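# Fold the following for me, if possible:
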Amino acid sequence: GVAAAADAVGPAPAHELLMTGSGALDVDALLAAAAAETGLSDFGEDISAAGDRFREGLGHYLEDINAEIAAAPHGLEPQRMFVHKALVNRLRLHEDLRRHPEIADEPVDDPIYLIGLPRTGTTKLFRMLSVDPGVQRLAWWQALNPAPLPGAGPGVGTGEPDPRIAVAHEYESAMSQHFPEFWAMHAMATEGAEEDLILQEYSFQTPFLAVRSGAHPTYLPWLQATDPEHRAAYRYSRLLLQYLQWQDPANRSGARGRPWVLKNVAVFGNLPTLLETHPRAVLIQCHRDPRVAVASMLKLFELVRAAFTLRTDFDLVEHGQAFLRFFAGQAQRNVEQRTALGPDVPIIDVHYQDIRRDPFAVMRRIHELRGTEFTPDALDAAKRWDAENPQHRFGRVEYSLDRYGLTADGVADAFRPYIDHFELPLEATT
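Numbering: from 1, shown residues only. So this is what the prediction gives:
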């Protein structure tokens, strides 16, 4: 099932020192298991002058996970496997970085970067942009395992498919079978594009981990207090992009002029950090009536949480309030940062209905902003993707604010500065 597919790192650890006597996940035991599997010990805690607090973040994350799985012990295994996979990938990355320090010189400064609230059309636009042969995309199989599996390192040149693809395909099959509602809202294809917030999870210092662990009072408040600009998460995802670019000889030395297409909807209130990390980025911010976007987002996050904890009896009102506060705060920060940055930053605003009505016109605007040609090949690829991926392809999922104890007026009030600043049209129904 999905738990087996989640252990996507090769052989299982030879020992079972992964839990404390109480059955809770334990930081030291998980680190020891990853080290035992790989024979490595450097988790990359000194990757910058500012240091890396990933152990502290992992500890707070596990504290929330242990509280969650205390009520649903069968959810232990998916979480153990997720953390184990992340730690093994960190070890393999930093061993390659030790052997090949030139990885850190790979240029990834100029992506096309999509931001905004979740459920605002970002996924459709992102994936249509990503099929352009003139760009680089983060494939889902790469996001699941950024580090090559043993014996299949970069530049092997055998002509055989990367074994990570088969691992991801197993995961894809399990997720689509066991969690059809999640799949209907956010289907993923093994070789299709996925957002780089998945790469930020390897830092254990990104807010999206709170979606996996639930709205508990430990991890997310710690993160917001210690790194509200989320510099560690962006720094680590940049390093992983450099690593992935370096692995493909065809992409090295500037990726032959092919920019990355990236998407991150978890931290759209951290524009200065994004621009420090990718100083030549072109930004596309997607917008939608927050009353609709938040209802859809909370349903998706509920499904993610259920998939990774195997628990469906959590407090939906607490769930709704926690993520409403977080994303309303991100929206407020975004308004302040957009005002402070002024007109010199290359950014365009795109509304959900624009993406639905004519995504190709939106794509032309993006190329005009970048000063590049929207080539016939890019247009044809985008049209094929659009035809093959109609809305509700895997079914329609119903969602509502009242499921989470929220009202349309309450959400509008929480997002009032954002709604007013961008003059967002409110949809007729919520």
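# Return the distance of the spatially closest residue to Thr226 that is not a sequence neighbour relative to Arg235.
With C-beta to C-beta, 6 or more residues apart in numbering as the criterion, Thr226 has its nearest non-adjacent residue at 6.9 Å, and that residue is Arg53. C-beta coordinates here come from the backbone N, C-alpha and C atoms, glycine included. Arg53 sits at a distance of 12 Å from Arg235 (criterion: C-beta to C-beta, to the nearest Å).
# Check Met188 too.
Relative to Arg235, Met188 is positioned 25 Å away (C-beta to C-beta).
# which residues does the nearest residue to Arg333 once chain neighbours are set aside contact?
Setting aside the residues directly before and after it, Arg333 is nearest to Gly269 in space (C-beta to C-beta, 6+ apart), at 3.1 Å. Taking C-beta atoms under 8 Å, 6 or more residues apart in numbering, we find Gly269 in contact with 329-334, 337.
# The residue nearest to Thr226 contacts Arg231, doesn't it?
No. Using C-beta atoms under 8 Å, Arg53 is not in contact with Arg231, being 10.8 Å away.
# helix/strand/coil for Gln205?
coil (DSSP: H, G, I helix; E, B strand; the rest coil).
# Who's the closest spatial neighbour of it, skipping the chain neighbours?
Ala232 is the one closest to Gln205 (C-beta to C-beta, 6+ apart), at 4.1 Å.
# pretty sure the one you found is in contact with Ser203, am I right?
Yes. The pair Ala232 / Ser203 is scored as a contact, 5.2 Å apart, by C-beta under 8 Å.
# and these two? which has more neighbours close in?
Ser203 (28 against 25; other C-beta atoms under 10 Å).
# How about the contacts made by the more buried one?
52, 54, 57, 232-233, 235-237.
# what about 6 Å?
54, 232-233, 236 (C-beta atoms under 6 Å, 6 or more residues apart in numbering).
# which among those gets closest to Leu298?
Ala233 (22.1 Å; C-beta to C-beta).
# is it true that the closest one touches Tyr202?
No. The criterion here is C-beta atoms under 6 Å, and Ala233 misses it with Tyr202 at 9.0 Å.
# higher neighbour count, these two?
Neighbour count, other C-beta under 10 Å: between Ala233 and Tyr202, Ala233 has more, with 31 against 24.
# With distance to Pro150, pLDDT and neighbour count added, can I get the contacts of Gly269 in JSON lines?
Shown next, in JSON lines, are the contacts of Gly269 (distance: C-beta to C-beta, whole Å; pLDDT from 0 to 100; neighbours: other C-beta atoms under 10 Å):
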{"residue": "Gly329", "distance to Pro150": "42", "pLDDT": "94", "neighbour count": "14"}
{"residue": "Gln330", "distance to Pro150": "39", "pLDDT": "94", "neighbour count": "21"}
{"residue": "Ala331", "distance to Pro150": "44", "pLDDT": "96", "neighbour count": "23"}
{"residue": "Gln332", "distance to Pro150": "46", "pLDDT": "97", "neighbour count": "17"}
{"residue": "Arg333", "distance to Pro150": "42", "pLDDT": "96", "neighbour count": "19"}
{"residue": "Asn334", "distance to Pro150": "42", "pLDDT": "96", "neighbour count": "23"}
{"residue": "Gln337", "distance to Pro150": "43", "pLDDT": "96", "neighbour count": "18"}
